[in-house]
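Peer 1: Got a predicted structure plus its sequence, pasted below:
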Amino acid sequence: DTEVTQTPKHLVMGMTNKKSLKCEQHMGHRAMYWYKQKAKKPPELMFVYSYEKLSINESVPSRFSPECPNSSLLNLHLHALQPEDSALYLCASSQDETGEWSQPQHFGDGTRLSIL
Amino acid sequence: DQQVKQNSPSLSVQEGRISILNCDYTNSMFDYFLWYKKYPAEGPTFLISISSIKDKNEDGRFTVFLNKSAKHLSLHIVPSQPGDSAVYFCAASDGTSGGGADGLTFGKGTHLIIQP
């Protein structure tokens, strides 16, 4: 069982809809991540939050808007998406200790998003 | 340009034998390497990692070897079991955040099939 929980598991939305993806972890991790994975491709980094502050934005279009309300929660707000945005969206978390070696990221099972 | 390469899309191994999955990278700034296992409809599951100061790390049936001069790493699974059948992703990070909150760059994955 994954310790990173993502909801919903599946989402179908039209191009004019507004929806949000949610991610929750209770491992005390202070770094959280969003990745996008298209079919037959590897996951690609979208955003990184460190101690609830956005630290990396990989030039993601503004129709994707991340939010980190607290250290356990990560949201991805979606608005005016395009059909090519259909993909599996993965959330991950890891410990984040400045000056320490990197720690592994633990992933949720993802939200399968389809844009009509 | 792919910075992490897994050149074998698939690998078939007999149950009980050794599985060897390979990964090459081009970015000399990468200093932390991970292997993930992924079943369909699930998120990647962390298996084992290695930092650039080591050349080997073992965890049960899994061993990762790192050859920095060749920019090559490999995952050995001994003995291979039917439950090991999955897609295996190699991933790397470059430690530029100064702590643990660095995004991962993934290879395209290798589909390992364990034959009874």
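Peer 2: Received, thanks.

Peer 1: give me phi/psi at residue B:84?
Peer 2: phi -80, psi -10 (degrees, to the nearest 10).

Peer 1: Quickly note the distance from it to chain A.
Peer 2: Taking C-beta to the nearest C-beta, to the nearest Å as the measure, residue B:84 falls 19 Å from chain A. Yep, even glycine has a C-beta here, placed from its N, CA and C like the rest.

Peer 1: does chain B sit close to stretch A:104-116?
Peer 2: Yes - counting by C-beta under 8 Å from any C-beta of the partner chain, chain B has neighbours in stretch A:104-116: A:104-110.

Peer 1: From those, pick the one nearest chain B.
Peer 2: If you rank these by distance to chain B using C-beta to the nearest C-beta, residue A:107 comes first, at 3.7 Å.

Peer 1: tell me which residues form a beta bridge with that closest one?
Peer 2: Here residue A:107 sits in beta bridges with residue A:92, going by DSSP bridges.

Peer 1: residues touching it, list them.
Peer 2: Counting by C-beta atoms under 8 Å, 6 or more residues apart in numbering or on different chains, residue A:107 touches A:2, A:4, A:35, A:90-92, B:36, B:43-46.

Peer 1: ok, what's across the strand from the residue positioned nearest the centre of chain A?
Peer 2: Nearest to the mean C-alpha position of chain A, by C-alpha atoms, centre = their mean, lies residue A:34 at 2.7 Å. Residues in a beta bridge with residue A:34, per DSSP bridges, are residue A:47, residue A:91.

Peer 1: Residue A:47 is in contact with that one, correct?
Peer 2: Yes - between residue A:34 and residue A:47 there is a contact under C-beta atoms under 8 Å: 4.6 Å.

Peer 1: Contacts made by the lowest-mean-pLDDT helix or strand in chain A with the rest, please.
Peer 2: Using mean pLDDT, DSSP states H and E, the weakest-scoring helix or strand in chain A turns out to be strand A:53-57, at a mean of 89. Contacts to strand A:53-57, defined as C-beta under 8 Å, 6+ apart, come from residues A:45-49, A:66, A:68, B:97, B:101, B:103.

Peer 1: continuing past it, what's the next helix or strand?
Peer 2: Next in sequence after strand A:53-57, counting helices and strands by DSSP states H and E, comes strand A:64-70.

Peer 1: What is that following strand packed up against?
Peer 2: In terms of contacts (3 or more C-beta pairs under 8 Å, 6 or more residues apart in numbering or on different chains; DSSP states H and E), strand A:64-70 is packed against strand A:44-50, strand A:53-57, strand A:73-79.

Peer 1: Check whether the last one comes into contact with chain B.
Peer 2: No - contact between strand A:73-79 and chain B, assessed by C-beta under 8 Å from any C-beta, is absent, since the two come no nearer than 12.6 Å.

Peer 1: Can you list the strands that that strand pairs with?
Peer 2: Using DSSP bridges, strand A:73-79 pairs in its sheet with strand A:18-25 (antiparallel), strand A:64-70 (antiparallel).
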